[in-house]
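**Q** sequence? don't have it. structure:
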């Protein structure tokens, strides 16, 4: 298959990706955290489930919903 314009997941029609990073400074302490959410299409994910799989590369990130993906093989809610 040919690469999309940006060679990114957002090149796939209907896929939406959102991200936020939070920075907090309290005296000499500083915290940085964030989350990325993925919507595979604009419809109802529960009614129109999407086949899915997962792969953990480094084991340092925290994710939501991977157990469901591993057990059911579908996405039926936004993934983080």
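**A** Now that the structure is in, tell me what you want to look at. Quick caveat: nothing in here was measured; it's all calculated off a predicted structure.
**Q** what number of residues lie near the residue lying closest to residue 11 once chain neighbours are set aside?
**A** Leaving aside its chain neighbours, residue 11 sits nearest to residue 4 (2.5 Å; criterion: CB to CB, 6 or more residues apart in numbering). Every C-beta, even on glycine, is put in place using the N, C-alpha and C of the backbone. Neighbourhood size, residue 4 [other CB atoms under 10 Å]: 12.
**Q** Check the one 3 residues further on too.
**A** By other CB under 10 Å, 7 other residues sit near residue 7.
**Q** Verify the stated contact: residue 16 with residue 45.
**A** No. When contacts are counted by CB atoms under 8 Å, residue 16 is not listed as touching residue 45 (11.4 Å).
**Q** between those two, who's got more neighbours?
**A** When residue 16 and residue 45 are compared for neighbours, residue 45 comes out ahead with 17 against 14, by other CB under 10 Å.
**Q** Distance of the closest residue to the more buried one other than its chain neighbours relative to residue 43?
**A** Distances taken as CB to CB, 6+ apart put residue 76 closest to residue 45, at 5.2 Å, once the chain neighbours are dropped. Separation of residue 76 from residue 43 (CB to CB, to the nearest Å) stands at 11 Å.
**Q** Check residue 11 too.
**A** In terms of CB to CB, residue 11 sits 19 Å off from residue 43.
**Q** Mind checking the pLDDT average for the helix or strand containing residue 30?
**A** Using DSSP states H and E, residue 30 sits within strand 29-39. In this model, strand 29-39 has a mean pLDDT of 85.
**Q** name the helices or strands packed onto that strand?
**A** strand 16-26 (3 or more CB pairs under 8 Å, 6 or more residues apart in numbering; DSSP states H and E).
**Q** What strands line up against the strand it packs on, and which way round?
**A** Sheet pairing of strand 16-26 (DSSP bridges) gives strand 29-39 (antiparallel).
**Q** who's in contact with the strand it pairs with?
**A** 9, 15-25, 45, 78-80 (CB atoms under 8 Å, 6 or more residues apart in numbering).
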